[in-house]
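Undergrad: Output the structure for:
(chains A, B and C)
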Amino acid sequence: MAKSDTSGGDSSRPWQSYHTVFTNAKAGMEGVDKEKVQRIVYEMSKGSKFFENEERKEADMRQKIDNMRDRCAKLTAANIAHYQKVADKRILELESTRDLSRLWLHVDMDAFYAAVETLSNPLLRGKPMAVGSMSMISTANYEARRYGVRAAMPGFIARKLCPELIFVPTDFKKYTHYSDLTRKVFYRYDPNFIASSLDEAYLDITKICKERGITSGEVAEELRASVNQETGLTCSAGVAPNRLLAKVCSDINKPNGQFVLPNNRLAVITFVSSLPIRKVGGIGKVTEHVLKDVFRITTCDEMLQKSCYLCALFSQSSADFFLSVGLGLGRTDTPQVQLRKSISNERTFSATENEAFLYQKLVELADMLSADMEKESLYGRTLTLKLKTASFEVRTRALTLHNYTCSSEDILKHASKLLKAELPVSLRLIGLRMSQFSEDKDGAPSDPTQKTLSNFVLSGDSCGKNMGDGLSCDLHVTENLSTINTETTMNFHETCYDIRDPSDGNQISDHSHNTYTSNNDSHEMEIISGPLSSASKRKVIGASTVMHTPNSCQAEASRLPVDDSLSLSRQYQGSSLDKVKKRAPLSDDPASSSNQKEPLAWVDDYKCSLCGVELPPSFLEERQEHSDFHFAERLQEEESCNNHTYPALKQRFIQKEHIASKNRGTQIRIRIRSFPCTNSPGTPKGRLTTNYSSSSSSQHENSDNNIGVTMPTMYDILDSSKAQKLELRLQTLGPFFRITAKSLETQNELGRAEGLIRVWLGGKILHLDSIRLRRETLGMEKSIFGIGLFIGAVAIRYGYDCGCRTAELLAINDSDLYHSKLVRFYTRIGFKSVYEVTGSNFGDFAHMLVWGGVGTRMEANVQELLVKWCTRFSSQK
DNA sequence: GCGGATCAC
DNA sequence: TATGGTGATCCGC
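TA: Numbers count the residues shown, from 1 in each chain, chains lettered A, B, ... in the order given. Next up, the predicted model:
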């Protein structure tokens, strides 16, 4: 029959024959230079083990197509006549099942993960962004799709397609939360809705349309508006007489659109007649190729025209499926609760044949699987081991036991047996799956779907309770996050900037030193010989910084505290800030100091009482950041002389200014005392004076200030910190620096940052080696990020004053959980991921020496960081 | 019951 | 440098 037309005949364009799932069209990919994308994908993949495996699979597919074509060619006229009768009969039977009585609506959230991430960090808005990692992307936003970037594409290829692509690590907790919010809306329209994934659902809206006397299109509009209102996210909807078509329809006007297919046969037949088969759920890359290359079927109606061949060459169930697609049929019933049929887990690692390693992986997987099964009270008897070899070949080995089990010992015992039989082998993935569950151990409650459903319903009417639970749970994570540290050992005894007078400074210096060494991380100082020795093993979370690419000025902002709130303020400009300004004089005692924050409340446990920004209760981290924003905003209100909005505040400011101007004469001069390179901090070696006064702006300020904002001077920062009863110190030793924050009340060290100024080809680089914040020393009312705000400000200002253009740090990857949090944290600050140091490659060795670990190298432009920073410390709107 | 494949998100 | 994890289903043994 049809000759294969995708065999890549043009040898000058080899990429044309390399098809991957992500070279296929998807919503938002219109107008993409497909040829270019394909070429880049090809070039990036060429020669890899993955590529070779893809070629093998491609060859297998060709073989399959050739076989089918042969069988097709062998059909006699009699055969064809026979199968045509079979097909016609079957078509009639299927047609008789057509049910046009139901109205099905399919909802599909638009670029769900990416949209959620943008919601929690509006700085991402309008920029090409992908959720995922260098190895795999889960979702790309529409800006990124314009470059050909899409889900299921490895990150490093995506970066090639779009060098400015921003990567955001996945955060399923967040997506689940938003998914639950959407489901609460769905529930109102169809309590029996079918959730097919976190971001998709099918609703039977027949009843609600009838009850309310409105059209399906109106329901769809209303539902989409509700979802948008309650989540801030957009979705697309499709309405059709069955689920299969509803899903196709929801894709038509994506994003943020809908399409209604009328419930009459003619409309359905017409719709289907020109519908490309690949749009239909269940028809993937292989089926598409087979149908196209063997039978020249590209649209659904052609399934009917070629029905005799389909019946002749496919199984009855496949043929039935194809014919129903051709007729535009699909499921219209609401199925009973779907029981889970298997549970599994699998992990990818860098390929190895180290048997101890492989066995260890198996142990971990067995434990995880057992725990997951216990959680759902599942007992299974078929265990399947999945392996992926270094060459990407996938194998499964299964075993059916006599007894049902969920014990990790049982699982491990049998899994090891299966694995042992395969050794030696070089693997890059191991997985375990359990199936064949015992029928209902404990009756209905053990039904996982049921459980989920009842939980969901419960959560619908006991919002507060659930949120409370989430809170206590989240708090733990946040606590952990607050210890952002590295255990870099650097000796800073020698040079000291101090904003206080000399005697005071000495005192502080000693004290500070004691405080530092009292950290149980034990930094007892050692003389360092160079940057490499600063690397040591990180414990909890680390951040370190280096700069290599001076011209990489992609980052937008940097304050060490989080940028969410700032960006939120931008987005809601005119609403949020105005509200704050209107409210503040009412609720704030004019005489109170900025320490006494007006308590920020969450209206309905959802909306910020100060600005109306919506943040779900489980977003503890983001909420903390948000309150930091108001905290910083208040600071700026109080400290700014440009603030005409609050007479009372202004008056207070004038008083402060008066004191501050006195300080300028005495304490503002920052002494830089140089000490000999010994452990005797009290012995001055040389003397240097830097004037960090707020009245004498640094050179950069006027010349570089092209955005119309005033750069905060070092003085601004230091003075603000004093108002917060913080003492900030900047110490330097040669290129190295350290910033410490101490409580003026308790004299405890609250946080510190360390790093160095590196001279690189294109200019100086601010290398942030570590940032450590200590929550335990803080009262809960004082935000950890508030401290980080100041420390970060000093670091950035210092780097800026030293002429640094770029800042770089490494978000240490000690554990996936913390690493992703860390990357998100720094991304919000304004850093961008530039490189993944995984340690699996020889080239990473040098990086690991410098940074002392694996993780994500991130960069930011210092000036942009400072400009962003300003909006917190200056009085700009 | 097993193993390979396909598909979807 | 580098191509995921989970679950379902189908087909051919």
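
Undergrad: Which pLDDT value does the model give A:Ser315?
TA: With respect to pLDDT, A:Ser315 has a value of 97.

Undergrad: scratch that, A:Asn141 is what I was asking about
TA: 97.

Undergrad: now A:Ile812
TA: On pLDDT, A:Ile812 comes in at 73.

Undergrad: I figured it was touching A:Val837, is that so?
TA: No. The criterion here is CB atoms under 8 Å, and A:Ile812 misses it with A:Val837 at 9.4 Å. Heads up, the C-betas are built off the backbone N, CA and C, glycines and all.

Undergrad: got the contact list for A:Tyr18?
TA: Listed by CB atoms under 8 Å, 6 or more residues apart in numbering, the contact partners of A:Tyr18 are A:8, A:38, A:41-42, A:45, A:51, A:54.

Undergrad: let's see it at 10 Å
TA: The contact partners of A:Tyr18, taken as CB atoms under 10 Å, 6 or more residues apart in numbering, are A:8, A:38-39, A:41-43, A:45-46, A:51, A:54-55, A:58.

Undergrad: Present the residues you listed as a markdown table; the columns should include neighbour count and pLDDT.
TA: Shown next, in a markdown table, are the contacts of A:Tyr18 (neighbours: other CB atoms under 10 Å; pLDDT from 0 to 100):
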| residue | neighbour count | pLDDT |
| --- | --- | --- |
| A:Gly8 | 15 | 39 |
| A:Gln38 | 19 | 91 |
| A:Arg39 | 16 | 92 |
| A:Val41 | 24 | 94 |
| A:Tyr42 | 20 | 94 |
| A:Glu43 | 14 | 94 |
| A:Ser45 | 18 | 94 |
| A:Lys46 | 12 | 93 |
| A:Phe51 | 17 | 96 |
| A:Glu54 | 16 | 96 |
| A:Glu55 | 13 | 95 |
| A:Glu58 | 17 | 94 |
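
Undergrad: now, among the residues you listed, which is nearest to DNA strand C?
TA: Distance to DNA strand C across the contacts of A:Tyr18 (CB to the nearest atom of the strand) is lowest for A:Ser45, with 2.9 Å.

Undergrad: Need the nearest residue in space to that closest one, chain neighbours excluded.
TA: Distances taken as CB to CB, 6 or more residues apart in numbering put A:Phe51 closest to A:Ser45, at 4.3 Å, once the chain neighbours are dropped.

Undergrad: helix/strand/coil for that neighbour?
TA: Per DSSP: H, G, I helix; E, B strand; the rest coil, the secondary structure class of A:Phe51 is helix.

Undergrad: Relative to DNA strand C, how far out is A:Glu200?
TA: Using CB to the nearest atom of the strand, to the nearest Å, A:Glu200 is found at 12 Å from DNA strand C.

Undergrad: correct me, but that residue touches A:Leu105?
TA: No. With contact defined as CB atoms under 10 Å, A:Glu200 and A:Leu105 do not form a contacting pair (11.3 Å).

Undergrad: any residues in contact with both of the two?
TA: Residues touching both A:Glu200 and A:Leu105 by CB under 10 Å, 6+ apart: A:Ser250.

Undergrad: So the two - more neighbours on which side?
TA: For A:Glu200 versus A:Leu105, neighbours defined as other CB atoms under 10 Å are more numerous around A:Leu105 (32 against 18).

Undergrad: Is there proximity between stretch A:279-287 and DNA strand C?
TA: No. Using CB under 7 Å from any atom of the strand, stretch A:279-287 stays clear of DNA strand C, coming no nearer than 8.9 Å.

Undergrad: where does the stretch 651-800 of chain A dip in pLDDT?
TA: Low-confidence segments of the stretch 651-800 of chain A, defined by pLDDT under 70: A:651-710, A:771-786.

Undergrad: Return the residues of it in contact with DNA strand B.
TA: Counting by CB under 7 Å from any atom of the strand, the stretch 651-800 of chain A has no residue next to DNA strand B.

Undergrad: rewinding a little: which one of A:Ile812 and A:Val837 is surrounded by more residues?
TA: A:Ile812 (28 against 23).

Undergrad: Hmm, A:Val37 and A:Met29 touching each other?
TA: Yes. Using CB under 10 Å, A:Met29 is in contact with A:Val37, at 8.9 Å.

Undergrad: before we move on, the earlier item: A:Pro735: which of the contacts of A:Tyr18 is nearest?
TA: Taking CB to CB as the measure, A:Pro735 lies nearest A:Glu43 of the contacts of A:Tyr18, at 40.0 Å.

Undergrad: Excluding chain neighbours, what is closest to the closest one?
TA: Nearest non-adjacent residue to A:Glu43 (CB to CB, 6+ apart): A:Trp15, at 7.1 Å.

Undergrad: Would you map the helices across the stretch 51-200 of chain A?
TA: A:77-96, A:112-120, A:142-145, A:155-161, A:172-189 (DSSP state H, counting those that start in this stretch).

Undergrad: Go through these and name the closest to DNA strand C.
TA: helix A:155-161 (3.4 Å).

Undergrad: Who are the packing partners of that closest one?
TA: Applying 3 or more CB pairs under 10 Å, 6 or more residues apart in numbering; DSSP states H and E, one finds that helix A:155-161 contacts helix A:34-45, strand A:129-132, strand A:137-140, strand A:166-168, strand A:832-837.

Undergrad: Which helix or strand in chain A has the lowest average pLDDT?
TA: The least trusted helix or strand in chain A, going by mean pLDDT, DSSP states H and E, turns out to be strand A:669-674, with a mean of 19.

Undergrad: Look up how far A:Leu291 lies from A:Arg347.
TA: The gap separating A:Arg347 from A:Leu291 is 35 Å, by CB to CB, to the nearest Å.

Undergrad: okay, those two: which has more neighbours?
TA: Taking other CB under 10 Å, A:Arg347 and A:Leu291 do not tie; A:Leu291 has more neighbours (24 against 13).

Undergrad: Name the nearest residue to that one, ignoring sequence neighbours.
TA: Ranked by CB to CB, 6+ apart and with sequence neighbours excluded, the top spatial neighbour of A:Leu291 is A:Ile297, at 4.2 Å.

Undergrad: in which helix or strand would I find that neighbour?
TA: When secondary structure is defined by DSSP states H and E, A:Ile297 falls outside every helix and strand.

Undergrad: A:Ile765 is in what secondary structure piece?
TA: strand A:763-773.

Undergrad: after that strand comes which helix or strand?
TA: helix A:784-801.

Undergrad: now the angle from that next one to strand A:763-773?
TA: 160 degrees (axes from the mean of the first three to the mean of the last three CA atoms, to 10 degrees).

Undergrad: from chain A, which residue is nearest to DNA strand B?
TA: Closest to DNA strand B within chain A is A:Gly284: 2.2 Å, counting by CB to the nearest atom of the strand.

Undergrad: Surely that residue touches A:Arg278?
TA: Yes. Between A:Gly284 and A:Arg278 there is a contact at 7.9 Å, judged by CB under 10 Å.

Undergrad: If you count surrounding residues, which of these two has more?
TA: The neighbour comparison of A:Gly284 against A:Arg278 (other CB under 10 Å) goes to A:Arg278, with 17 against 12.

Undergrad: Quick check: closest non-adjacent residue to the more buried one.
TA: Once flanking residues are discounted, A:Arg278 sits nearest to A:Glu288: 4.8 Å by CB to CB, 6+ apart.

Undergrad: Wait, that neighbour touches A:Val294, no?
TA: No. Contact criterion CB under 10 Å: A:Glu288 and A:Val294 do not qualify, at 11.2 Å.
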